[in-house]
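Enquirer: Any chance you can model this:
(2 chains)
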Amino acid sequence: DAGVIQSPRHEVTEMGQEVTLRCKPISGHNSLFWYRQTMMRGLELLIYFNNNVPIDDSGMPEDRFSAKMPNASFSTLKIQPSEPRDSAVYFCASRRTGHEKLFFGSGTQLSVL
Amino acid sequence: EDKVVQSPLSLVVHEGDTVTLNCSYEVTNFRSLLWYKQEKKAPTFLFMLTSSGIEKKSGRLSSILDKKELFSILNITATQTGDSAIYLCAVEAYYGGSQGNLIFGKGTKLSVKP
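Expert: As a prediction, the model looks like this:
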């Protein structure tokens, strides 16, 4: 089992640029979550999907953020345009419906200059 | 609004000490409470608690839930430097009759000095 795979591991970009973060959940897991972690705010849920359908996106900061899950094995989180305050570690996590245990990817460290 | 509050935010102890980490919550339609350990990167699962008063134990770590008072504690006995990490508490609520998302606290940063 390869675990949840995120890419890139690190992203450094300039303000105003588009950023795309990618996630491959564990095979067979049908719930996928995107979290953002900062020192100030801790781990915040941005959006989660069940069977590829967005269930709760109330944590998405604003229209600059969008997330898609075109199929069961792939999801993207896009920020356009990026701002310095978006700098954080972005985690993707997945689990099987009916199981509480969430498996996290290694995260993407995003720095917006 | 659902929330999870952990205390203390940070803690420094010496090897061999025993520590207690606290997690209180206010969640509608509580389903379960989970503890995670985060070292360098991804949080890793420690315990899941659903019933009051039943202790979960794994080696030197143990945890218990009080659903009446809405809190949980994580105990670590005979701490080692390898226990240094951020410990995260998360609560899941039912959402529309099915599983919801996990709401995380800000974590407790534990530093164990040799």
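
Enquirer: C-alpha from now on. contacts and neighbour counts both.
Expert: Fine.

Enquirer: Least confident secondary structure element in chain B?
Expert: Least confident helix or strand of chain B, by mean pLDDT, DSSP states H and E, is strand B:98-104 with a mean of 76.

Enquirer: Show me what from chain A comes close to chain B.
Expert: Counting by CA under 8 Å from any CA of the partner chain, chain A comes close to chain B at A:41-45, A:48, A:91, A:97-98, A:100-107.

Enquirer: Is the least confident helix or strand of chain B in proximity to chain A?
Expert: Yes: when contact is scored as CA under 8 Å from any CA, part of strand B:98-104 falls within range of chain A: B:99, B:101, B:102, B:103, B:104.

Enquirer: Serialize those to TSV and add fields for neighbour count.
Expert: Formatted as TSV, those follow (neighbours: other CA atoms under 10 Å in any protein chain shown):
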residue	neighbour count
B:99	17
B:101	22
B:102	22
B:103	21
B:104	25
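
Enquirer: Out of the residues you listed, which comes closest to chain A?
Expert: Nearest to chain A among the residues of strand B:98-104 next to chain A: residue B:104, at 6.1 Å, using CA to the nearest CA.

Enquirer: Do you know the pLDDT at the residue nearest the centre of chain A?
Expert: When CA atoms, centre = their mean is applied to chain A, the residue found nearest the centroid is residue A:34 (3.3 Å). Each residue has a pLDDT score; the one for residue A:34 is 96.

Enquirer: excluding its backbone neighbours, what's nearest it?
Expert: The shortest distance from residue A:34 to any non-neighbouring residue, by CA to CA, 6 or more residues apart in numbering or on different chains, is to residue A:92 (4.6 Å).

Enquirer: The one you found: neighbouring residues, count only.
Expert: 32 (other CA atoms under 10 Å in any protein chain shown).

Enquirer: What pairs with the least confident helix or strand of chain B, parallel or antiparallel?
Expert: strand B:85-95 (antiparallel) (DSSP bridges).

Enquirer: got a list of contacts for the partner strand?
Expert: With CA atoms under 8 Å, 6 or more residues apart in numbering or on different chains as the test, strand B:85-95 has contacts from A:100, B:4, B:6, B:23, B:25, B:27-40, B:43, B:99-111.

Enquirer: Report the buried residues of the helix or strand bottoming out on mean pLDDT in chain A.
Expert: Lowest by mean pLDDT, DSSP H and E among the helices and strands of chain A is strand A:53-56, with a mean of 88. Residues of strand A:53-56 classed as buried: A:53, A:54, A:56 (neighbour count, 16 or more other CA atoms under 10 Å in any protein chain shown).
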